[in-house]
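Trainee: Give me a 3D structure for the following:
(4 chains)
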Protein chains: 2
Amino acid sequence: MSDVIELNTSACSGFHALSDPLRLQIIDLLRQQELCVCDLCDRLEVRQSKLSFHLKTLKEAGLLRSRQEGKWSYYSLNLPEIARLEQYLSNLKQATPRPSRSCSED
Amino acid sequence: MSDVIELNTSACSGFHALSDPLRLQIIDLLRQQELCVCDLCDRLEVRQSKLSFHLKTLKEAGLLRSRQEGKWSYYSLNLPEIARLEQYLSNLKQATPRPSRSCSED
DNA sequence: TAGTCAAATCAAAAAAAGTTGTTTTGTCAA
DNA sequence: TTGACAAAACAACTTTTTTTGATTTGACTA
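Mentor: Now for the predicted structure:
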């Protein structure tokens, strides 16, 4: 039961992280390769502080990893977490359906 | 290209709809059977107007269907749309990765 | 060390999302 | 019809999220 709540909380913040167009663009760019913040800035044409905010959101939701190399920070997808969200959605389909009942029946 | 934008917009609002704990609870209840608003109200112990707001959010994102029967409204999952979001996540994994490159290389 | 650059952090403002209580709409039944 | 009930819509308010411009931090190098 506590597991369900855990799962819900994590799914919730994961989906929230995916609910912004810029963040989806970031993820799309990172599909192909790890990128550093300045590269992302160039490609997305957004201010650095704005990007930083969204990268933080994605990272805190567990969707991105980052590593530092000198003065650069590189971000990449954290595929296992993405797979977990995928699994969450997949589970919704496999529920044992009960027959629908009429609201007046009780 | 326009397709990508379409997909992104729809994915965005889908994920947004999934980014609230109450809405995830609603979805969880509907996994098993279609329910009417008053049933959902009882089980979730929330005001009707609040529930109505969240049902609308979910429906506008395409995640729920509804039908009216007399004075009752019944809501159910729209599985194909959920599957579409699942597919979106699944696609993220299958990208052809390019070797990561150093930021100073240009 | 002083200067430069990448990136994170912060505070203030703006925008968006969610809540609440009330009203409206539509359907049914007396 | 009229009254009762389910659900949607609304307006005012609260809370959360996002944006912006500026400052700070940390690492490199001249």
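Trainee: if I read this right, residue A:81 contacts residue A:63, doesn't it?
Mentor: Yes. Assessed by CB atoms under 8 Å, residue A:81 is found in contact with residue A:63 at 5.5 Å. (Each C-beta comes from the backbone N, C-alpha and C, glycine too.)
Trainee: residues shared between the contacts of those two?
Mentor: residue A:14 (CB atoms under 8 Å, 6 or more residues apart in numbering or on different chains).
Trainee: Tell me which of the two has more neighbours.
Mentor: With neighbours defined as other CB atoms under 10 Å in any protein chain shown, residue A:81 and residue A:63 compare such that residue A:63 has more, 24 against 18.
Trainee: Contacts only, for that one.
Mentor: Listed by CB under 8 Å, 6+ apart, the contact set of residue A:63 reads A:14, A:17, A:18, A:27, A:77, A:78, A:81, A:82.
Trainee: same thing with residue A:65?
Mentor: Going by CB under 8 Å, 6+ apart, residue A:65 touches A:59, A:75, A:76, A:77, A:78.
Trainee: same thing but 6 Å
Mentor: Residues near residue A:65 by CB atoms under 6 Å, 6 or more residues apart in numbering or on different chains: A:76, A:78.
Trainee: what about the helix or strand harbouring it and DNA strand C, touching?
Mentor: Element membership for residue A:65 (DSSP states H and E) is strand A:64-69. Yes. Against DNA strand C, strand A:64-69 shows contacts by CB under 7 Å from any atom of the strand at residue A:66.
Trainee: Name the strands paired with the following helix or strand past that strand and say parallel or antiparallel.
Mentor: Toward the C-terminus, strand A:64-69 is succeeded by strand A:72-77 as the next helix or strand (DSSP H and E). Strand A:72-77 has its sheet partners listed here by DSSP bridges as strand A:35-36 (antiparallel), strand A:64-69 (antiparallel).
Trainee: hmm, strand A:72-77 touching DNA strand C?
Mentor: Yes. Interface with DNA strand C: strand A:72-77 contributes A:72, A:73, A:74 (CB under 7 Å from any atom of the strand).
Trainee: pLDDT wise, what is the first one at?
Mentor: Residue A:72 is assigned a pLDDT of 97 by the prediction.
Trainee: which intervals of chain A have sub-threshold pLDDT?
Mentor: A:1-7, A:95-99, A:105-106 (pLDDT under 70).
Trainee: That one against DNA strand C: which residues are in contact?
Mentor: A:36-38, A:41, A:48-49, A:51-53, A:55-56, A:66, A:71-74.
Trainee: Weed out the non-buried ones from those residues.
Mentor: A:36, A:37, A:41, A:51, A:55, A:66, A:73, A:74 (16 or more other CB atoms under 10 Å in any protein chain shown).
Trainee: For chain B, see how far away the fourth one is.
Mentor: When distance is defined by CB to the nearest CB, to the nearest Å, residue A:51 is 14 Å away from chain B.
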